[in-house]
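Undergrad: from the sequence below, what's the structure:
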Amino acid sequence: MMEQKKINRLIFFLFLILSMPLCAKDDNVVITKAEDIYIFKCDKGGKVYIELRSNTEYESTNMSETATVAYFYDNQTEIKKVNIKGLKGVKPQYSMYEQEGIFYSDIKVCYFNLPFSKKGDIACVQIEKIIKDPHYFSFIFLSDLQPVKEKTIRVVVPDWMKIEIHEQNLNEDITKEIIEENNQQVYLYHIKNQKAEKYERNMPDRTYIYPFLLVVPQFAIVNGTKKTYFASQDNLYNWYSSILSEVNNNMPVISEIAGNITRNQVSDEGKIKSLFTWVQENIRYIAFENGVAAFKPDDAQEVLRKKYGDCKGMSNLLKSLLIAEGFDARLVWISTDCIASDLALKAPVANHMICALYRNNQFYFLDPTVKYMPLGEYPQTIQGRPCMIENGKDYVVQKVPSFTPALNKDSIHSKYRIEKNILKGISENSFKGESKQIIMSILHSLGKDKQDSSLKRFLANGNSFDEITDVILSGTEPQSEKLVITYKEERKSKIQQSGNELYIDINPDDDFGELIDTVNRVNDYLFPYKINNIREVLLHLPQGYEIKKLPENFVYSNDNYTFSISCQREGDKIIYRKEKIIFEPRLKKELFPEWNTAVNQFRKAGMEQIVLKKN
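TA: Residues are numbered from 1 along each chain as shown. Have a look, this model is predicted:
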């Protein structure tokens, strides 16, 4: 599940960049030299557009290498020419981007392979592309999926055009100069010796790591007329609002649906939750959130008809249903934590849309794409993020509230007795927040025919010697605070007898954290969310036995995480508790050695056994 989420995030940025080629992630192909020229131009009718001329030279540093190059474009961009020199028989292919049979907006792809037969082979790729509207021109990345020996970025701005360029993550091998020539301002970026972008599991998004430019077109004065783009936040909101004005929701149809959904609800809170739940349960979320040009929500009745939608369509439907029932609902533009920038930059970097409900003098945020989190809870991707809330001709800027790791609590409480050298008992496994969202999403994806067997394997930690029975689930509804799984268990694998002594592995699972490669890993490690995992076991002492040894208490704590284990006797019971808390999802690379030390010590402490001796 998490790997697919990572893939979707990568696809999103490939679409977002559009002009950046995607090639084989391998140092055996390098970019020896390249030049990208972005020129602001104006046609005879006074319409401003951007012309991109790109020339990239690839060289094979090994035999029999193949690099795949892909350019994404849409209705707001046009590929005018693709020319491949140095290799024979290479022809670009053009197609719509499609996944699971659903066409996502207007996204298209031009792709081809560069087959190098021997070391030193060179291929030159030239592309000419038009970005039809400055509103859709934003990101220029300065690194690539191959090492870059030398590259130049030119942004040519005539004196009738005004832009801002925000530089992010630039390093000492990137230099800048601004040249005035022929009534034009030329922004020049000289790039040398850039390492290949490396994509690793559980890494932060590339905007947190790799150098890029965020271009903010402000205004143009053409033929005596001023055309304003993003000179201020007001301009950004006005543009967003102008797109919303094209949405045509059929409110009589929506009102009838809303009334049917809420007909058994008396309180306002009940109506709100029932509408939120209905969208969560009945509208399929398509994983691709937004192409560059896809800022317009689908009409609410269209989402109803199709039974699927992206974040914009689902949020627009939820807003319309709430308004139909008399509530003050708004749409919200927000940049998730997938992007290392916020709305203060005045650029259209919002990659997500949610719904806001104004009630009791405050805003409540509702993200219908998150299927199993109730009203008042927010996923890690939007916590603490600034957002822009529609407010008629005005707007409101707020931050989505953040939560502690306790929101995502994953806890197991077990009560055991020892019978015939088997741990027998009953357990309750509960999931809240993001942990509930993940477990429910996995169960939903399995289908009912596989849920029972898969769930039993999960609860048994994959151990075929242990038996799980009488599994009961409660709280599976989207608006439930937590998912609770109760079950009976017989743990044959947990006890070994040697003479008159019993050795008991009391630790319920192997959840200690994974070791991180400190030699080969390049990027910081990103946990999916703040974590709070609790494992608590109550073991009744069997008659005729006394305690010979208990696991020692253990605590390892710092600002980023806390690992702890405690084990003590209380009367005729042994109480064991293990807890793992991760306060911040991002673990910086320089902290990897300490993390590995903590995980090793945590694992060693968790492997200590209880030893009981027969009287």
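Undergrad: what is the burial count for N615?
TA: The number of residues packed near N615 is 8, by other Cβ atoms under 10 Å. To be clear about C-beta, it is placed using only N, CA and C from the backbone, and glycine gets the same treatment.
Undergrad: what does V69 give?
TA: Neighbour tally, V69, other Cβ under 10 Å: 23.
Undergrad: cool, and M96?
TA: 11.
Undergrad: show me what it is bridged to.
TA: For M96, the beta-bridge partners are K108 (DSSP bridges).
Undergrad: any idea how far it lies from D328?
TA: From M96 over to D328 the distance is 39 Å, taken as Cβ to Cβ, to the nearest Å.
Undergrad: and V266, by the same measure?
TA: 20 Å.
Undergrad: higher neighbour count, the two?
TA: More neighbours surround D328 than the other of V266 and D328, with 12 against 8 (other Cβ under 10 Å).
Undergrad: my read: the more buried one touches N361, true?
TA: No. Assessed by Cβ atoms under 8 Å, D328 is found out of contact with N361, at 10.9 Å.
Undergrad: now the residue of the chain most remote from its centre: how far from S242?
TA: What lies farthest from the middle of the chain is N615; by Cα atoms, centre = their mean that is 56.4 Å. N615 sits 83 Å away from S242, going by Cβ to Cβ.
Undergrad: circling back: residue contacts, the residue farthest from the centre of the chain?
TA: 544-546 (Cβ atoms under 8 Å, 6 or more residues apart in numbering).
Undergrad: same for the one helix or strand Q451 maps to, what does it pack against?
TA: Element membership for Q451, per DSSP states H and E: helix 448-459. Counting contacts by 3 or more Cβ pairs under 8 Å, 6 or more residues apart in numbering; DSSP states H and E, helix 448-459 is packed against helix 433-446, strand 467-474, strand 482-491.
Undergrad: just put these in JSON lines and tack on mean neighbour count and distance to I531.
TA: Shown next, in JSON lines, are these (neighbours: other Cβ atoms under 10 Å; distance: least, Cβ to Cβ, whole Å):
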{"stretch": "helix 433-446", "mean neighbour count": "19", "distance to I531": "8"}
{"stretch": "strand 467-474", "mean neighbour count": "13", "distance to I531": "22"}
{"stretch": "strand 482-491", "mean neighbour count": "19", "distance to I531": "16"}
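Undergrad: which one of these lies closest to P551?
TA: Nearest to P551 among the helices and strands packed on helix 448-459 is strand 482-491 (16.8 Å), distances taken as Cβ to Cβ.
Undergrad: so what touches the next helix or strand after the closest one?
TA: Note on strand 482-491: by DSSP H and E, the next helix or strand toward the C-terminus is strand 495-498. Strand 495-498 has contacts (Cβ under 8 Å, 6+ apart) with 418, 421-423, 502-505.
Undergrad: any low-confidence regions in this protein?
TA: 1-26, 97-106, 287-294, 341-345 (pLDDT under 70).
Undergrad: what about the helices in it?
TA: Under the criterion DSSP state H, the chain contains helices at 2-17, 233-244, 251-261, 268-282, 300-306, 311-324, 433-446, 448-459, 592-606.
Undergrad: pick the most deeply packed of those.
TA: Of the helices of the chain, the one with the most neighbours on average (mean count of other Cβ atoms under 10 Å) is helix 311-324, at a mean of 26.
Undergrad: tell me what that one is packed against?
TA: Counting by 3+ Cβ pairs under 8 Å, 6+ apart, helix 311-324 packs on helix 251-261, helix 268-282, helix 300-306, strand 328-334, strand 352-359.
Undergrad: in TSV, list those along with distance to V216.
TA: Below are the helices and strands packed on helix 311-324 laid out as TSV (distance: least, Cβ to Cβ, whole Å):
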stretch	distance to V216
helix 251-261	36
helix 268-282	34
helix 300-306	32
strand 328-334	16
strand 352-359	20
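Undergrad: to Q126, which of those lies closest?
TA: Comparing the helices and strands packed on helix 311-324 by Cβ to Cβ, strand 352-359 comes nearest, at 35.2 Å.
Undergrad: chain center to that closest one: distance?
TA: 19 Å (Cα atoms, centre = their mean, to the nearest Å).
Undergrad: tell me the angle it makes with helix 233-244.
TA: Interaxial angle of strand 352-359 relative to helix 233-244 (axes from the mean of the first three to the mean of the last three Cα atoms, to 10 degrees): 100 degrees.
Undergrad: dump strand 352-359 to CSV, restricted to CA.
TA: What follows is strand 352-359, C-alpha atoms only, in CSV (Å, rounded to 0.1, in the frame of the first residue of the first chain):
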residue,chain,number,x,y,z
HIS,A,352,-4.9,19.0,-3.4
MET,A,353,-8.4,20.1,-2.7
ILE,A,354,-10.5,19.4,0.4
CYS,A,355,-13.8,20.7,1.9
ALA,A,356,-14.2,23.1,4.8
LEU,A,357,-17.2,23.4,7.1
TYR,A,358,-17.7,26.7,8.9
ARG,A,359,-19.6,26.0,12.1
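Undergrad: name the strands paired with it and say parallel or antiparallel.
TA: strand 328-334 (antiparallel), strand 362-366 (antiparallel).
Undergrad: ok, and what's touching it?
TA: 268, 272, 289-290, 297, 311-312, 315-316, 318-319, 322, 327-336, 363-369, 381-382, 387, 389.
Undergrad: okay, the angle between it and helix 311-324?
TA: Using the same axes, to 10 degrees: strand 352-359 against helix 311-324 is 20 degrees.
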